[in-house]
Structures are given as structure tokens and as C-alpha cells.
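J.: using only what follows, build the 3D model:
(2 chains)
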Amino acid sequence: MNYVLDEVKKEIVDLIKSAGIKIEPDIICYYHNGLGVPMFKYAKEQKKNPKEFAKKIADELNLSNTYFSKVIAENGYVDFTFDNKKINKEIFENYQKLQDKYGQGDSGKGKTIIIDYSAPNIAKPFSIGHLRSTIIGQVLYNIYQSQGYKVIGDNHLGDWGTQFGKLITAYKKWGDRTKINGDPIKELLKLYVKFHKEAEIEPILNDEAREWFKKLEQGNSEAKKIWQWMRDVSLQEFNVIYDMLNIKFDETLGESFYEDKMDEMIKIAEGKRLAKWVPALDENRKPSKDSPRLETGRGEKVLLIDLKKYGIKTPALLRKSDGTTLYFTRDLATAKYRIKTWNPNKILYVVGAEQKLYFEQLFKILELLGYDSNIFEHIYFGLITMSEGKMSTRAGRVIFLEDVLNEAISRVKEILHDRAMSKVEQEKIAKIVGVGAVKYTDLSQDKKYNIKFDWDKILSLKGNSGPYLQYQYVRIGSILAKGNFDQSIEINPELLTTDEEKRLIQLVMRFNEILEYVIDNHQTHNLANYLYELATEFSKFYEKHPVINARSHELRATRLYLCYMVSQVLKNGLNLLGIDVPEKM
RNA sequence: GCCCACGUAGCUUAAUUGGAUAAAGCAUUGGCUUGCGGAGCCAAAGACUACAGGUUCGAUUCCUGUCGUGGGCACCA
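T.: Okay, the predicted model is just below:
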């Protein structure tokens, strides 16, 4: 698919080449009503004064038959001004040709991407902390897909591991089946919290839990039955949230899927002499104080991979001293399975920044096992913290995602309360706007930072927020309806000469570039900020220039079409962010 | 202790990844009824980009050091 912006940039490269300088297209930057090229680097290569150098280049350029009407040298830049009549026409034609596909691309044709996201833990609440992985992962999914990639979204559920030993122990001691069936996750969480409290007083409980997990891994039918039941009821609850958030997966394999695929992986690692049985750390060799990691199996042997040679001080454990497996073991088997099954060009792990070391270890080991480590990438994001500090499931200190969404929805409902619409409609709109607000707040900022949880911020309905973008979309829809807009109307883009119109058209031009940019850097907020800029620019246009009552019939039709293009980019962009748009609000 | 992030207006965040006068939202103050939805628009005020050096035509961005915050550091995931 061809976009005007690509052609415009190519033309600049060619023009400057005609003056004897070869430039990289990426250095071209936006400047007023056009584009600019910094000439410092090239001036330096030729040991010339950058201002004079830029001027000399600018003077040599011949702009006839180009997208530009003017070129000047300023502060060492060569600045090109668009020939607006020409570029307007091209952009409208570009849009008319591609229609619904406008923004999409084919740069990912023939490439496969696996995205590992969400991955909540069974029997634990889906907290606000899981929100980030879930929605960031889904947005990356959508954007990759829009550029022609084959994408496989895999929900790598935390449905295996020591915690199930703890849960089974707790369930057998204090559990009540009917209570759990009534409100599964909250009741299971209570059991989990109680277990940790009791285990502090009676450490022998930890041994019991370890025993149960061992039984589970050995296929004990009672353990398996309880585990399966806990998994089922948890998944049912997760699906309610995925529905609310409009999240879809191609696979929900989970860690348990690899239960029978770990032995093979361990054998390979042993065969390559990577993994070795060594004495476990004893109490005197604690890596740090307050470490919770020494609660089991002291003094015996564990299977680990030492990574000191590669600058990683912490070894990776594949088997505990009681023989059971760990997250690591499962992730190695997972990577192997994924590569064998889908032969991906990339596997993205959308997981919090606190697991950076873990993924460094994992990728290093996969490399040592002979895999191309370039295909693995940890897409990390900061923690969401509460004023009391880090959230902790064990301490019962969590915010439930479902509560946040419900609060958002009810705040929107209050606003809609006295609008002239049916209850059903209010309900529907409140959900679109409320959920959109929560998602947008997260997606509109750089993901690497920690976020302090703040109700008012996450539920913000004005300013730079999801509802603001949705509101601009609704206003445009209203104009299009009143103006009886029809895509086949005769338009004349040359008539759009105001600053607001030019800026809007040029923003529309950039849509595809932004999507490619997000694929390069995996920063969703670049798309969010672009859409916000588009919405803001529309709002300015809206205040200043009449559409339906425009001076001439032709101008009215062209402005209607401009509104339409903007609304479609807004809608498609928001949809890529996983945010719906209402028709009224 | 060691390792990794981060420190930008009162608060929450941007900055085309090293570019032009550091940009928005919230909060504060003042303004916008003849036109398409005020969840909006305009304006004022608010910044020695934590601090001290360095690299270069150019640094919020890269390097070094100091201080501060958060995270991680083998039998949790």
C-alpha cells in the first residue's frame, strides 16, 4: 500500500541528492506547513558552516513538479513548504482509494509474531496490575495485524506451580466448596492469604504444600481434580473481564499445557552440559535478607544453569530439591513448542519490568540451547503501585480490575442520567466510555514508568482522555448526519486553505507512519498522542469554520469529506487501541 | 551490599529517539449565547528538565559522579 507521506519523503531525498548530498529519510522532521532536513551532519563532513551549507543546498533545488511550493534555509535546516493544493488532492485521493483500509500496510506480509500477554494466575484475582499486560498486549496484537503480520496471541495462564500445592492444602483444611463456587476467586484468594498467615506460625504447612504440588506433578488424581476445578472456575471469571475489555486470544494454553514437555527440555539442557545438579544454598549463603525463597528443601541438590560466565550472577533453577519444576522449566518448554509449531519471526513477552532479570536469563539460556535469541523480546512496563506500596496478593493488598471498571462505568452513567435516551442505551454507552477511559489512561503514557494508582486519574473524563477522543468522534458523526454526508459527493480539496484544515489533512497523512513507528518501538502512547492531537486539531477547526453552512456548496462538500476522513482515522485508531466509539454520548 | 530502571510547571504526563522558542491535561484566574453537541474553545499564570561535570554545531535525551525514588538479586510466578 502506498501512502503520500512515503512519496513526499522520497521526493525530498531525491531533491537533496540532486544537490549532491545523500540523506537518510529518518532525519526528515515536521516543520510548520511542511518538512525540514537538518544539514549539520553533512555540513560537518564537508567542513562547512551549516547555515551557509543549508542555504547553498536550498538555492540549488528545483521544485517544479514536486509536492513543494517553497524551500528555504533556516538555522542550518533546509525547510520545505508544501504545495497545499497538490498535497491536499493527493491525500484525499489516497484516502478515497483505500477507504476502510486507510492506515493499514503490508510490511509484515509473510511474517509471524507471537505475543504472550495477560497471563493471569489461576485462583488469584485479576488485579489492576494485570490490566497493563492485557491491554498493551492486545494493542500490539491489533497494530501488528494492521500491518499485515500473522499474529498469534497466547494467554500463558499461570495455572501450574507451587501455589497449587498451597491452595490444595488450604482447601483441604479450611475450604468450603459451595462458598467457592459462589464467588470463586475472592474465596480462593482468602484461602491463599490464610495459608500464608498460618504458615508463618506453622512452617510445616509449607512442607505439606510442597508435597501436594509434587503429587500434582506426578498425576495424583485427587490433586488433579481439585486443580482442574479451580482452573475452570477461575477461567470463567477471567472471561467475564475479557468480555468487558474486548480481549481475544488465539490460544490459551497456559503453563500446565507444558507439563509433559518439560522432561525433554531438561534432558537437552543436561545433554549440552548446561544444567547441573548442585547443592542448594543453605541458610548461611542467603543471597539477601528477608528472602522468601529458602522455605523449602535446604541442603539437598537442585538442577540449575549457571550463567556467571555470561555476566548474569543469578543462576536459573530447572528443578527444585524435591524434583518439582519451576516457571523457568515451563518457559523453556514453551519457547521450544512455539518455535516448532509456528516458526515465528518474533516472540514478544508482555510482562512487567520486575521480571527483566528473569527474561535476560531465559533468553540467554535459549541462545545457549541453539535458538536465535534475536527473536525473543521482553516488552516490559512499570508497576502500578498503591499509596501503601507495591500490591501483594499474599498480603491481600490488591485493587480488583473489575471494581475499577464498574466504578468507571457508574461515573459515566451519572453524567448520562438525564439525557434523552433509553436505559439500555445509557448502559451501553456508559460501558464504552467508562472502559475506554480506563484503557486510554494506561495506553497514553510511556509504559516503562511506574504508575501510582489514582482513581481520579484513571477515570478522567475530560482533557487528554479517552472520552475526549470519543466525544470529538460523536460531534463529527452528528455533523455528517445533519449534512447528509455521502461518500460519493463531488469534492475539491484545493479549497481547504485555512491553517486548521491544512493541519488536519497533514495529520491524516501521517496515520500509517505512526502505526509503523509503534511497531518499531512498541510504545502505544505514540498512537494515543497522535489521536489526541488529531482530536484537538479537529476541535479547533470545529470552533472556527462552519461545515454545514460553509460559503459554497463545493466547500461544504469538501469539508464534510474532511470531517469524514478525520472521524474514520479517529475511529480506526481508537479501535486499534482496543477502544470502542459510541455514536452518541 | 550488588545489578537495573526512573527524577521535566503545584499534580499527572509529552517532546518526531541527539534537533529549531521544552508541549499538553488536571488544578487556579479571566473570557466565549447570533452557526454543526459546552465531556468543548480562547487567554493568563506556572520550568535554571534533581544536582555537578563531560562529549558536540546542538543534550530532557549519550557518558561520569552525587543525592533521591522504585524494582530485582537460586528452590514464588
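
J.: CA only for contacts and neighbour counts going forward, please
T.: Will do.

J.: list the contacts for residue A:554?
T.: Contacts for residue A:554 were tallied using Cα atoms under 8 Å, 6 or more residues apart in numbering; they are A:490, A:491, A:492.

J.: can you narrow these down to the ones near RNA strand B?
T.: Among the contacts of residue A:554, no residue is within reach of RNA strand B (Cα under 7 Å from any atom of the strand).

J.: now which of the residues you listed would you call buried?
T.: Buried members of the contacts of residue A:554, scored by 16 or more other Cα atoms under 10 Å, are A:491, A:492.

J.: which one of the contacts of residue A:554 is nearest to residue A:439?
T.: Checking the contacts of residue A:554 against residue A:439 with Cα to Cα, the nearest one is residue A:491 at 36.8 Å.

J.: so the closest one touches residue A:560, yeah?
T.: No - between residue A:491 and residue A:560 there is no contact under Cα atoms under 8 Å: 9.1 Å.

J.: list residues touching both of those two?
T.: In contact with both residue A:491 and residue A:560: no residue, using Cα under 8 Å, 6+ apart.

J.: RNA strand B: which of the contacts of residue A:554 is nearest?
T.: Nearest to RNA strand B out of these is residue A:491 (Cα to the nearest atom of the strand; 16.3 Å).

J.: need the pLDDT of the spatially closest residue to that closest one that is not a sequence neighbour.
T.: Counting by Cα to Cα, 6 or more residues apart in numbering, residue A:491 lies nearest to residue A:558, which is 4.7 Å off, once chain neighbours are set aside. Looking at residue A:558, its pLDDT reads 97.

J.: in the stretch 51-200 of chain A, what residue is nearest RNA strand B?
T.: With Cα to the nearest atom of the strand, the shortest gap between the stretch 51-200 of chain A and RNA strand B falls at residue A:161, namely 3.0 Å.

J.: so who does that residue touch?
T.: By Cα under 8 Å, 6+ apart, the neighbours of residue A:161 are A:213, A:325, A:326, A:327.

J.: next one: phi and psi at it?
T.: Here is the backbone geometry of residue A:161 (degrees, to the nearest 10): phi 130, psi 180.

J.: any idea how far it lies from residue A:279?
T.: Residue A:161 sits 22 Å away from residue A:279, going by Cα to Cα, to the nearest Å.

J.: let me see the contact set for the residue sitting nearest the centre point of chain A.
T.: Centre of chain A computed as the mean C-alpha position; nearest residue by Cα atoms, centre = their mean is residue A:136, 2.1 Å away. Contacts for residue A:136 (Cα under 8 Å, 6+ apart) come out as A:350, A:443, A:524.

J.: what's around the nearest residue to residue A:366 once chain neighbours are set aside, how many residues?
T.: Nearest non-adjacent residue to residue A:366, counting by Cα to Cα, 6+ apart: residue A:373, 6.8 Å away. Using other Cα atoms under 10 Å, residue A:373 has 16 neighbouring residues.

J.: and stretch A:199-206, does that touch RNA strand B?
T.: No - judged by Cα under 7 Å from any atom of the strand, stretch A:199-206 stays clear of RNA strand B, getting no closer than 8.8 Å.

J.: buried set for that stretch?
T.: A:199, A:205, A:206.

J.: just put those residues in TSV and tack on secondary structure.
T.: Formatted as TSV, those follow (DSSP: H, G, I helix; E, B strand; the rest coil):
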residue	secondary structure
A:199	helix
A:205	helix
A:206	helix
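
J.: next, the buried residues of stretch A:468-480.
T.: Residues of stretch A:468-480 classed as buried: A:468, A:469, A:470, A:471, A:472, A:473, A:474, A:475, A:476, A:477, A:479, A:480 (neighbour count, 16+ other Cα under 10 Å).
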